[in-house]
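Visitor: Fold the following for me, if possible:
(2 chains)
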Amino acid sequence: MNLKRLLTERLEAALAAAGAADAQAIVGPATRPEFGDYQANGAMAAAKHLQQAPRELAGALIQAADLDGVASAATVTGPGFISLTIDDDLLARALTGPIIERLAGQRVVIDYSHPNLAKEMQVHHLRSTIIGDAVARVLEALGHTVLRQNHIGDWGTQFGRLVAHLDDIGEDADRLTDLESFYTQASSRFDAEADFAGRARQAVVNLQTGDPATLARWQRYIDISMSHCQAVYDALGVSLRPEHVRGESAYNADLDGIIQDLDAKGLLTESDGALCVFPARVSAKYTDQFKAKDGRPVPVIVRKSDGGYLYHSTDLAALRYRADTLNAERVLYIVDARQAMHFRQLFALADVAGYGAGVSFEHHPFGTMLGRDGRPFKTRQGGGTRLLDLVEEAKARARALVEAKNPDLSDAEMDDVARAVGIGAVKYADLSKNRTSDYVFDWDAMLSFDGNTAPYLQYAYARIMSLFARGEVDPESATGPLAVDAREEHVLALQLARFQETLELVASSVMPHHLCTYLYELASAFMRFYESCPVLGSDAEASRLLLCARTAATLKDGLDLLGIETIDRM
RNA sequence: GCGCCCGUAGCUCAAUCGGAUAGAGCAUCGGCCUUCUAAGCCGACGGUUGAAGGUUCGAGUCCUUCCGGGCGUACCA
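Guide: Now for the predicted structure:
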């Protein structure tokens, strides 16, 4: 049940009846406890349009709105706020209905992770992978059809030297267990050996022209590199599977056709031998955009002077595929903020070419990773920033903590807890921040288990499961009825009822940190309730067991949507 | 040069379409385990939201200028 939407609908109906049909109710959680559960701020703006006194309009709206069974109290406060208290009967219904309500879904493509297969996955691949995966899960839970697209970097000049190197040392897969050093070797040979460099360049040509032997070797390399990625996904609990892979190479065959189509539409300009599109020249919409220093329009190069293609061409082909073949209504690109310009150009290109009309293409950026010195993060020679290393260190640190906190657990249980807590902490550290600006990569901060972290949420869950175990009660059987008495019970019940609106906010904003904040506040509300309200054996046991069961289920569902495990004991 | 993003407590971060007295965690200090997990709870301390103007009933949020930082800026992705 979406309480915010319910209140919005009721109040906006009243606004329309009052003559402000377009006015918004602007409903949100109350900023202070004395202002009730929700507040509506829309009366003040509407009053200005209607030339009425804000407080009088707010009062009239309360009278006119159908709030029976929804709000048990509605009052005008301050300059014209409407303070609303949710009816306990409605709360009771919200807490016994489905935890997540499925909506009429859209077809949504999510482009995330997109590792470069020339190397192993590094920590800077974490954000796209983790954020994209959480968004995909939330959208799916809300009833959308989610089409994951892992646009891997499996094509380009660097693969010439990798194939040539693989050619020289043989196809023994063992030599590829350390992709980092393999790539380093291939690169240094390219710089040092003229003969090798020549064969690497020839390999690129062979790849582009479809030479079977070269393609087979390339495929061999891609398969091994991709299996490394899959191992990281599996270790991290990321839902990406091989069937979601559709990399740059998949669009190779479309590129000539794209160029012909752009040419047929009269969009191409040749400049210094390269084929370009100038959005500013072909559409008045873009005249003020894409300007260089002297006011000249900046081109989007779709084919290099040597006939080769660039990521604009490949991404354009991918965009068209997603719109036309996958029938996407919405395409989300979870990509580093440094590519903001690229996406503005790409979307402009698609617009003037007439690709994906009516489809919502959205670039959702995140910040660049910095080192602890605040300087842009650079990959150190010899690794140390591999994602797999991060996962292992996270589990080791969590394991040490578990052994100290709860030595009674079995060895297998400790492993489970270490995995859930360690990986959960790493993912939560990334998901809980909404930084479009840069962020600092810090092992200690990322692996901290104190405060607003995944272990806090997991601990709240484990405490509830422990309660049910101790009371020998099946959480499924805890169906109430809800009887709200203590302040802590009301706060907890209200927070539980806000899960749906939070998920919808994440889906529309593509910002999973809202879900993190929600779950932290939920766990926090539960901890306070749990400290002050005895459950087992109390007069209010049935109601409190319902609150506990519902909290556990919501925490579990919410963490699951973030890709974080729960454990019954920790 | 131009463009985009950012600047909030000592540190890391919140603040939904512009709403009421800007909130958390960490750190520091002080309390709470003979009853449901102390990985917890309660309290204290901590702010001229980079600066100055402007718009508004109301600005961390919008506009202008400046300061500081990051990134991008035609054949890498």
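Visitor: what secondary structure does the residue of chain A most remote from its centre sit in?
Guide: The C-alpha centroid of chain A is most remote from residue A:195, which lies 45.5 Å away (C-alpha atoms, centre = their mean). State at residue A:195, reduced to three classes by DSSP: H, G, I helix; E, B strand; the rest coil: helix.
Visitor: Would you check how far apart it and residue A:164 are?
Guide: 10 Å (C-beta to C-beta, to the nearest Å). The C-beta positions use only the backbone N, C-alpha and C, and glycine is treated the same way.
Visitor: Repeat that for residue A:389.
Guide: Where residue A:164 is concerned, residue A:389 sits at a distance of 28 Å (C-beta to C-beta).
Visitor: number of nearby residues for the one residue in chain A that gets nearest to RNA strand B?
Guide: Relative to RNA strand B, the nearest point of chain A is residue A:451 (1.9 Å; C-beta to the nearest atom of the strand). Residue A:451: 8 surrounding residues under other C-beta atoms under 10 Å.
Visitor: how about it, what does it touch?
Guide: Contact analysis of residue A:451 by C-beta atoms under 8 Å, 6 or more residues apart in numbering lists nothing.
Visitor: Am I right that it sits in a helix?
Guide: No - Residue A:451 is assigned coil when assessed by three-state DSSP, not a helix.
Visitor: Per-residue confidence at it, what does it come out as?
Guide: Note for residue A:451: predicted pLDDT of 88.
Visitor: ditto for the one 5 residues further on
Guide: According to the per-residue confidence, residue A:456 scores 96 in pLDDT.
Visitor: ok, it - contacts?
Guide: Residue A:456 makes contact with A:520, A:523, according to C-beta under 8 Å, 6+ apart.
Visitor: How much space separates it from residue A:449?
Guide: 8 Å.
Visitor: Now the helix or strand containing residue A:404: buried residues?
Guide: Using DSSP states H and E, the element containing residue A:404 is helix A:387-405. Residues of helix A:387-405 classed as buried under the neighbour-count rule (16 or more other C-beta atoms under 10 Å) are A:387-388, A:390-391, A:394-395, A:397-399, A:401-402.
Visitor: Measure how buried residue A:430 is and give me the count.
Guide: Residue A:430: 22 neighbours (other C-beta under 10 Å).
Visitor: Which strands or helices does the helix or strand harbouring it pack on?
Guide: Using DSSP H and E, residue A:430 maps to helix A:411-431. Applying 3 or more C-beta pairs under 8 Å, 6 or more residues apart in numbering; DSSP states H and E, we find helix A:411-431 packed against helix A:126-141, helix A:212-236, helix A:387-405, helix A:443-446, helix A:454-471, helix A:513-532.
Visitor: Which of the ones you listed comes out lowest on mean pLDDT?
Guide: Across those, helix A:443-446 has the smallest mean pLDDT, namely a mean of 80.
Visitor: that older thread, who wins for proximity to residue A:156 among the helices and strands packed on helix A:411-431?
Guide: Minimum separation from residue A:156 across the helices and strands packed on helix A:411-431 (C-beta to C-beta) falls at helix A:212-236, 11.2 Å.
Visitor: ok, residues contacting the closest one?
Guide: Residues from elsewhere that reach helix A:212-236 (C-beta under 8 Å, 6+ apart): A:113, A:115, A:117-118, A:120-121, A:129-130, A:152, A:154, A:159, A:162-163, A:166-167, A:171, A:173, A:176, A:179, A:203, A:206-207, A:238-242, A:245, A:249, A:387-388, A:391, A:423, A:426-427, A:563.
Visitor: 6 Å instead?
Guide: Residues from elsewhere that reach helix A:212-236 (C-beta atoms under 6 Å, 6 or more residues apart in numbering): A:115, A:117, A:120-121, A:154, A:162-163, A:166, A:171, A:173, A:176, A:179, A:203, A:206-207, A:240, A:387-388, A:391.
Visitor: Name the residues of that helix that are buried.
Guide: Those would be A:214, A:217-218, A:221-222, A:224-226, A:228-229, A:232-233, A:235-236, for helix A:212-236 by 16+ other C-beta under 10 Å.
Visitor: Name the residues of whatever helix or strand comes next after it that come out as buried.
Guide: Next along the chain after helix A:212-236, taking DSSP H and E as the criterion, comes helix A:255-264. Residues of helix A:255-264 classed as buried by neighbour count (16+ other C-beta under 10 Å): A:255, A:258-259, A:261-262.
Visitor: can you check stretch A:41-57 too?
Guide: Under the neighbour-count criterion of 16+ other C-beta under 10 Å, stretch A:41-57 has A:41-44, A:46-47, A:50, A:52, A:54-55, A:57 buried.
Visitor: And stretch A:168-188, by the same measure?
Guide: A:175-176, A:178-180, A:182-183, A:185-187.
Visitor: which of these lies closest to residue A:443?
Guide: residue A:180 (19.0 Å).
Visitor: The closest one and residue A:122 touch, don't they?
Guide: No - counting by C-beta atoms under 6 Å, residue A:180 sits too far from residue A:122 to count as a contact (9.2 Å).
Visitor: and the helix or strand bottoming out on mean pLDDT in chain A, what other elements does it pack with?
Guide: None of the helices or strands of chain A scores lower by mean pLDDT, DSSP states H and E than strand A:369-370, at a mean of 74. If you count contacts as 3 or more C-beta pairs under 6 Å, 6 or more residues apart in numbering; DSSP states H and E, strand A:369-370 packs onto no helix or strand.
Visitor: one step back: for the helices and strands packed on helix A:411-431, give me CSV that also has distance to RNA strand B.
Guide: Below are the helices and strands packed on helix A:411-431 laid out as CSV (distance: least, C-beta to the nearest atom of the strand, whole Å):
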stretch, distance to RNA strand B
helix A:126-141, 12
helix A:212-236, 14
helix A:387-405, 4
helix A:443-446, 6
helix A:454-471, 3
helix A:513-532, 4
